[in-house]
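K.L.:
turn this into a structure:
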Amino acid sequence: MPLSEILRFYLPLVLTSQMMTLSVPLINLGLGRVDDPAVALAGYAVGFSVGVLFNSPVLAARTVTAGLVRDAAGHAVVARFMRRLALGLSGAEVLIAATPLGDLVFQGLLGAPPQVAGQARITLLLQSPIPVLLAERGLDQGVALLYRRTLLITASTLARLAAVTGVVLLLAVVLRLPGAASGGLALTAGIAMETLLIRSNVRRHVGLYASPPPDGQAPVPLTAAAVARFAMPLMLNHVVWSMQRGLINAIISRLADPLAALATFGVVQPLFLFTGSPLFGIQATVQVLPRHRADLRRLAWFTGGTSALLAVAMGLFVVLAGRQVLAAGYGLEGHLVALAMPALLWIWLEPFLLGFRSFGQGLLMRIRRTGPIAVSAALRVAVVAGAGLAVVGLRPQANGALVGVALLMLGDAWDMGVACLWGWLRRDLLGVGPAPEAAATAPRG
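P.N.:
Numbering: from 1, shown residues only. A predicted model of the protein is given here:
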């Protein structure tokens, strides 16, 4: 597998990941210009956090489609499964947003003040169609991945970013829509635009399995039970991933200085996410591209090289400009900068953890063994929670940002170790046989 083939598939996914991380910052910029921006921003953040939890299971639609489907009949089975799930999740969001259950969630469980809880309800209600949209988007993105047309995904994500920007500016800045409503409408409109465009592009440029996918795997009859066995571990993994920041916040808020811990980790954690986001595309690359074991070795070297480049770039950035960014860019005071810098200095390690986490999980998806991903996700919660509570008990005066980053990287390292070890040991099960030259010279039994 030449490097040019890897880059043609992978680079559009990098652009997609980077653009997706910009949606919420753009919405926040708009909400910062409405009347009473503090309440609008807080309400949107709380409502969005609940929505992310309900949206996360449907994010598996893309991976399930690329991993299981090879013909139109199989696509229909996966579509029925994902659409029913999405409708249930959207209904749950409406139920929380529009009934007294919202008081229990937003004020009781999350502790939001009444005015913030009201804005969170509006946000969740306006974003309740998103699970349905994500399911439809994933069904078509999976086809684009399988046919190696990742530029179609990038183009639709760019349209989403443009729509989010345009809608939030129109509603918040021009029309002065009060509260968090403009943010909720902007994200829903952006994802709707993305969904329509990826569907249109896939139907126009690829068709729906009009020709066999280029991976050479023959279609197999699919049942709802088979889809559930493959999809449920991925859904659990997405749910745990969406919960990790809340779990770490709950731990570091028990340290001696919870306000400083939450503030500094809240600044540092998105920088870690942004640094690692280009490596999320490794998962789909390993899932779709390799034809034999030699390709896996090339992709492993590619993952290591890409991670090293990001590590060096971010390490230099932090050493040369980290303090200035924390002070001038985020407005942190001197003592908070002193707390955040020791955590930020470890940012160079995160690309390796996320890169090989993605590599291992992509390999497991390639061989259609997603169970270990669920096991790893469940145990990750226990590992992170146990380590965090131990630190709180033994070192309550510890640096909250450093503790948060250590727990974040511990969870990523755990997932990486489980996925890479399990995937590599079972790589001979399906779809990654020996290289052609090795197969031709192998002894015949």
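K.L.:
A210 belongs to a helix?
P.N.:
No. Under the criterion used here (DSSP: H, G, I helix; E, B strand; the rest coil), A210 is coil, not part of a helix.
K.L.:
tell me how far it lies from L262.
P.N.:
The gap separating A210 from L262 is 52 Å, by Cβ to Cβ, to the nearest Å. All C-beta spots, glycine's among them, are computed from the backbone N, C-alpha and C.
K.L.:
who has more neighbours out of those two?
P.N.:
More neighbours surround L262 than the other of A210 and L262, with 18 against 9 (other Cβ atoms under 10 Å).
K.L.:
you'd agree the more buried one is up against I252?
P.N.:
Yes. Between L262 and I252 there is a contact under Cβ atoms under 8 Å: 6.6 Å.
K.L.:
overlap of the contact sets of these two?
P.N.:
G400 (Cβ atoms under 8 Å, 6 or more residues apart in numbering).
K.L.:
quick one: average confidence on stretch 294-313?
P.N.:
In this model, stretch 294-313 has an average pLDDT of 93.
K.L.:
tell me how far that stretch lies from the chain's centre.
P.N.:
20 Å (Cα atoms, centre = their mean, to the nearest Å).
K.L.:
what of stretch 373-390?
P.N.:
18 Å.
K.L.:
ok, now stretch 52-62?
P.N.:
Per Cα atoms, centre = their mean, the centroid offset for stretch 52-62 relative to its chain is 9 Å.
K.L.:
and the contacts of that stretch?
P.N.:
78, 82, 85-86, 89, 92-93, 130-131, 134-135, 137-139, 141-142, 145, 231, 234-235, 238-239, 241-243, 284.
K.L.:
filter those residues to the buried ones?
P.N.:
When those are checked for burial by 16 or more other Cβ atoms under 10 Å, the buried set is 78, 82, 85-86, 89, 92-93, 130-131, 134-135, 137-139, 141-142, 145, 231, 234-235, 238-239, 241-243, 284.
K.L.:
packing partners of the helix or strand where G322 lies?
P.N.:
Using DSSP states H and E, G322 falls within helix 293-324. When contacts are defined as 3 or more Cβ pairs under 8 Å, 6 or more residues apart in numbering; DSSP states H and E, helix 293-324 packs onto helix 3-20, helix 258-276, helix 281-288, helix 334-344, helix 350-366.
K.L.:
could I get these as CSV with distance to N55 and mean pLDDT?
P.N.:
Output for the helices and strands packed on helix 293-324, formatted as CSV (distance: least, Cβ to Cβ, whole Å; pLDDT from 0 to 100):
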stretch, distance to N55, mean pLDDT
helix 3-20, 13, 87
helix 258-276, 17, 82
helix 281-288, 18, 92
helix 334-344, 28, 90
helix 350-366, 19, 92
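K.L.:
so which of these comes closest to V227?
P.N.:
Across those, V227 has its closest neighbour in helix 350-366 (13.6 Å, Cβ to Cβ).
K.L.:
distance check, L326 against F274.
P.N.:
14 Å.
K.L.:
more crowded one of the two?
P.N.:
Neighbours per residue, other Cβ under 10 Å: of L326 and F274, the larger number sits with L326, 25 against 16.
K.L.:
so what's the more buried one up against?
P.N.:
Counting by Cβ under 8 Å, 6+ apart, L326 touches 267, 332, 336-337, 340-341, 344.
K.L.:
most surrounded residue in those residues?
P.N.:
A340 (30 neighbours).
K.L.:
how many neighbours does the closest residue to that residue other than its chain neighbours have?
P.N.:
Leaving aside its sequence neighbours, A340 sits nearest to T264 (Cβ to Cβ, 6 or more residues apart in numbering; 4.3 Å). When counting by other Cβ under 10 Å, one arrives at 31 neighbours for T264.
K.L.:
ok, back up a step: now, the contacts of stretch 52-62 that are in helices?
P.N.:
78, 82, 85-86, 89, 92-93, 130-131, 134-135, 137-139, 141-142, 145, 231, 234-235, 238-239, 241-243, 284 (DSSP state H).
K.L.:
so which residues of the stretch 51-200 of the chain form helices?
P.N.:
60-68, 72-98, 101-102, 114-126, 130-146, 150-168, 181-205 (DSSP state H, counting those that start in this stretch).
K.L.:
between the ones you listed, which one is nearest to G360?
P.N.:
helix 60-68 (14.0 Å).
K.L.:
near the nearest residue to W241 once chain neighbours are set aside, how many other residues are there?
P.N.:
Once flanking residues are discounted, W241 sits nearest to S56: 7.1 Å by Cβ to Cβ, 6+ apart. Residues lying near S56 (other Cβ under 10 Å) number 21.
K.L.:
quick one, grab the pLDDT at S56.
P.N.:
Reported pLDDT for S56: 92.
K.L.:
so it versus G67, what's the distance?
P.N.:
Distance from S56 to G67, by Cβ to Cβ: 18 Å.
K.L.:
and for G355?
P.N.:
20 Å.
K.L.:
kindly report the same for G411.
P.N.:
In terms of Cβ to Cβ, G411 sits 24 Å off from G67.
K.L.:
same check on A419?
P.N.:
15 Å.
K.L.:
how near is L101 to A401?
P.N.:
34 Å.
K.L.:
which of the two has more neighbours?
P.N.:
A401 (26 against 13).
K.L.:
doesn't L262 make contact with that one?
P.N.:
No. Counting by Cβ under 8 Å, A401 stays clear of L262, with 9.3 Å between them.
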